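Undergrad: prediction below, plus the sequence it came from.
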Amino acid sequence: MKNTQVFIIFFAMSLAVSCQPNSKGGGGDSKTDGEPASPALSFEQQTFSRQSAGCEQDSSYCAEVRATYPLATAGPEPAIQNINDTIHAYLKLSLAVFASSTEDIPESLDAIADNFLREYEAAMAEDDGFESAWEVEVQGEVLFQSKQYVSVQLNTFSYAGGAHPNSFTYLINFDARTGAVLLLPDLVRDTTRLKELAESAFREARELGPDESLSDAGYFWEGPFTWPENYALTSEGLYFVYNPYEVASYAAGPTEFIISREKLSGLLKE
């Protein structure tokens with residue numbers, strides 16, 4: 001139960017933080033009137049890792065914090081700063097599984113790891129003789145990059161006691177020239193038509209007929225179809241992810257699908 005409550009808080013916090021395929025570098029925009037072209041935006045993978053003292057002796061009495069994630073290392077300076085600040089914010093949000101609000105998230109990854117390891121040692125001390133491994137891990141990558149757009153994915157897996165582990169996916173879209181975070185209206189011309197395509201794709205992913213009630217099937221908490229919090233432009237089209245608890249119970253798991261570029265013909269602002 002404690003683990004479930006923590007995840008619900010974690011999910012609520014996520015709501016407040018409100019393109020060549022698999023390429024780590026994109027071409028800069030050419031300019032006219034003799035102005036130099038902007039340098040190409042490129043990324044490098046970063047790593048962070050911390051573990052409790054017991055990990056070296058016994059993997060069943062161990063707590064670990066791990067993260068692999070991309071950061072912009074070259075390109076227009078404003079874009080580098082904005083993109084990296086945003087990725088760091090989401091990364092800290094993902095790792096700080098015990099923070100009760102965004103204001104409680106420490107400034108550094110080391111401080112977040114320290115809190116996680118302290119919580120683990122305290123829990124093990126309360127349950128003397130009980131051995132359990134805890135972990136929180138983030139795996140991030142650049143999903144898509146072009147001269148206009150960059151999309152980044154951060155996948156989080158955590159277990160800190162309780163009945164089951166938790167997982168969560170963040171998808172973030174950036175303007176490759178400024179680093180600004182982009183929302184669906186920034187990516188498509190007609191969100192009404194896109195919503196129709198998304199609902200059809202959701203039903204297909206969940207094997208539901210066009211006339212079946214989403215509510216009766218256990219989705220959207222008896223409400224209408226809604227956008228997921230996470231979506232990203234990819235080489236294949238628009239990728240959508242509904243995380244556990246977002247529109248259904250944990251047992252239902254996540255829901256993900258891609259609306260192909262063929263179906264999006266005329267809708268994408270590219």
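TA: Perfect, thanks for sending it. Numbering: from 1, shown residues only.
Undergrad: CA atoms for contacts and neighbours, from now on please.
TA: Noted.
Undergrad: so who does Q45 touch?
TA: With contacts defined as C-alpha atoms under 8 Å, 6 or more residues apart in numbering, Q45 is in contact with T68, Y69, P70, L71, E141.
Undergrad: cool, E141 as well?
TA: E141 touches Q45, Y69, P70, V152, Q153, L154, counting by C-alpha under 8 Å, 6+ apart.
Undergrad: check the secondary structure at the second one for me.
TA: By that I understand Y69. Following DSSP: H, G, I helix; E, B strand; the rest coil, Y69 is assigned to strand.
Undergrad: ok, back up a step: any idea which of the contacts of E141 is closest to N166?
TA: Using C-alpha to C-alpha, L154 comes nearest to N166 of the contacts of E141, at 14.0 Å.
Undergrad: beta partners for the closest one?
TA: On DSSP bridges, the residues paired with L154 through beta bridges are G140, Y170.
Undergrad: pretty sure A201 is touching T255, no?
TA: No: using C-alpha atoms under 8 Å, A201 is not in contact with T255; the gap is 10.3 Å.
Undergrad: how close does D216 get to K195?
TA: 20 Å (C-alpha to C-alpha, to the nearest Å).
Undergrad: and the furthest pair within the contacts of Q45?
TA: Taking C-alpha to C-alpha, no two of the contacts of Q45 sit farther apart than T68 and L71, at 10.0 Å.
Undergrad: what touches both of those two?
TA: Here T68 and L71 have Q45, Q46 as joint contacts, going by C-alpha under 8 Å, 6+ apart.
Undergrad: who's more crowded, the two?
TA: L71 (22 against 17; other C-alpha atoms under 10 Å).
Undergrad: re earlier: between D216 and K195, point out the one with more neighbours.
TA: K195 (14 against 10).
Undergrad: excluding chain neighbours, what is closest to that one?
TA: Closest residue to K195 apart from its sequence neighbours, by C-alpha to C-alpha, 6 or more residues apart in numbering: W227 at 7.6 Å.
Undergrad: can you tell me the element the one you found falls in?
TA: Using DSSP states H and E, W227 sits within no helix or strand.
Undergrad: of the contacts of E141, which is the nearest to E56?
TA: Out of these, the member with the shortest distance to E56 (by C-alpha to C-alpha) is Y69, at 25.1 Å.
Undergrad: what is the neighbour count of the nearest residue to the closest one once chain neighbours are set aside?
TA: Closest residue to Y69 apart from its sequence neighbours, by C-alpha to C-alpha, 6+ apart: G140 at 4.2 Å. Per other C-alpha under 10 Å, the neighbour tally for G140 reads 24.
Undergrad: and G140, how far is that from N155?
TA: The gap separating G140 from N155 is 6 Å, by C-alpha to C-alpha.
Undergrad: could you list the low-pLDDT ranges of the protein?
TA: 1-39, 129-130 (pLDDT under 70).
Undergrad: quick one, strands of it?
TA: Listed in chain order, the strands of the chain (DSSP state E) span 42-51, 63-74, 134-145, 149-159, 166-175, 230-233, 237-242, 255-260.
Undergrad: out of those strands, deepest packed?
TA: strand 230-233 (a mean of 24; mean count of other C-alpha atoms under 10 Å).
Undergrad: which elements pack onto it?
TA: In terms of contacts (3 or more C-alpha pairs under 8 Å, 6 or more residues apart in numbering; DSSP states H and E), strand 230-233 is packed against strand 149-159, strand 166-175, strand 237-242.
Undergrad: using CSV, write out every CA atom in the shortest one.
TA: C-alpha atoms of strand 237-242 as CSV (Å, rounded to 0.1, in the frame of the first residue of the first chain):
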residue,chain,number,x,y,z
GLY,A,237,4.6,9.0,-36.7
LEU,A,238,3.2,10.1,-33.3
TYR,A,239,3.9,7.8,-30.4
PHE,A,240,1.4,7.9,-27.5
VAL,A,241,1.9,6.3,-24.0
TYR,A,242,-0.7,6.0,-21.3
